[in-house]
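Peer 1: what shape does this take:
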Amino acid sequence: MAEITILKEASEIGLAVMLSDLIRQNLDQDPGKIKLFNSLDAKALIEARDIQITVGLEFKQGELTVSEGFSVKPDLHIIADSSTILDLCLLKTKFGLPYFFDANGFKVFKKLLARKLIIKGLLRHFFTLVKLTRLFSVI
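Peer 2: I've put the predicted structure just below:
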């Protein structure tokens, strides 16, 4: 069973709680995502600039630790406004990859091209990003 821990400093950050709850619900609703969760071994930093909040997600051997940022460099660093971060959770996946050919997908793709959504580590950790997108996706 997947273990999700929210560290004390992150427990009062709405984005941290929302992301951990979202992952927990996705794992409960789609048991196929448990294998995906267990295969992740990465650190992701999600930065919502408009509300000045940074949330760290550390996946390791079937465990997720949610914190307020990291003191080490993450594998993926996602920088966007809070509404774009929510849009990422609504991104469909087809054949295991993000699907940009519907209204929400196109909106996310345009923000990526306009640099309103920045993903550091996108090329180096592409498959980790794909796994993370599939794990977050509620659709």
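Peer 1: mind listing what the helix or strand bottoming out on mean pLDDT in the chain pairs with, with the direction of each?
Peer 2: For the chain, counting by mean pLDDT, DSSP states H and E, strand 97-98 ranks last in confidence among helices and strands (a mean of 86). Strands adjacent to strand 97-98 in the sheet, as given by DSSP bridges, are strand 93-94 (antiparallel).
Peer 1: got a list of contacts for the strand it pairs with?
Peer 2: Contacts to strand 93-94, defined as Cβ atoms under 8 Å, 6 or more residues apart in numbering, come from residues 99, 130, 133-134, 137. Every residue, glycine included, has its C-beta placed from N, CA and C.
Peer 1: what separates that strand from the chain centre, distance-wise?
Peer 2: Strand 93-94 sits 16 Å away from the centroid of its parent chain (Cα atoms, centre = their mean, to the nearest Å).
Peer 1: stretch 107-114 now?
Peer 2: 17 Å.
Peer 1: circling back: and after the least confident helix or strand of the chain, which helix or strand comes next?
Peer 2: Moving toward the C-terminus from strand 97-98, the next helix or strand (DSSP states H and E) is helix 103-113.
Peer 1: quick one on the thing from earlier: which of the contacts of strand 93-94 lies closest to Phe106?
Peer 2: Tyr99 (9.8 Å; Cβ to Cβ).
Peer 1: in this structure, which helix is the longest?
Peer 2: The residue-count maximum for a helix in the chain (DSSP state H) belongs to helix 14-29.
Peer 1: buried ones in that helix?
Peer 2: Residues of helix 14-29 classed as buried by neighbour count (16 or more other Cβ atoms under 10 Å): 15-16, 19-20, 22-23, 26-27.
Peer 1: next one: stretch 110-123
Peer 2: In terms of neighbour count (16+ other Cβ under 10 Å), stretch 110-123 has its buried residues at 111-112, 117, 119-121.
Peer 1: just put the contacts of strand 93-94 in a markdown table and tack on secondary structure and pLDDT.
Peer 2: As requested, the contacts of strand 93-94 are exported to a markdown table (DSSP: H, G, I helix; E, B strand; the rest coil; pLDDT from 0 to 100):
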| residue | secondary structure | pLDDT |
| --- | --- | --- |
| Tyr99 | coil | 92 |
| Val130 | helix | 93 |
| Thr133 | helix | 92 |
| Arg134 | helix | 92 |
| Ser137 | coil | 90 |
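Peer 1: no further questions, thank you.
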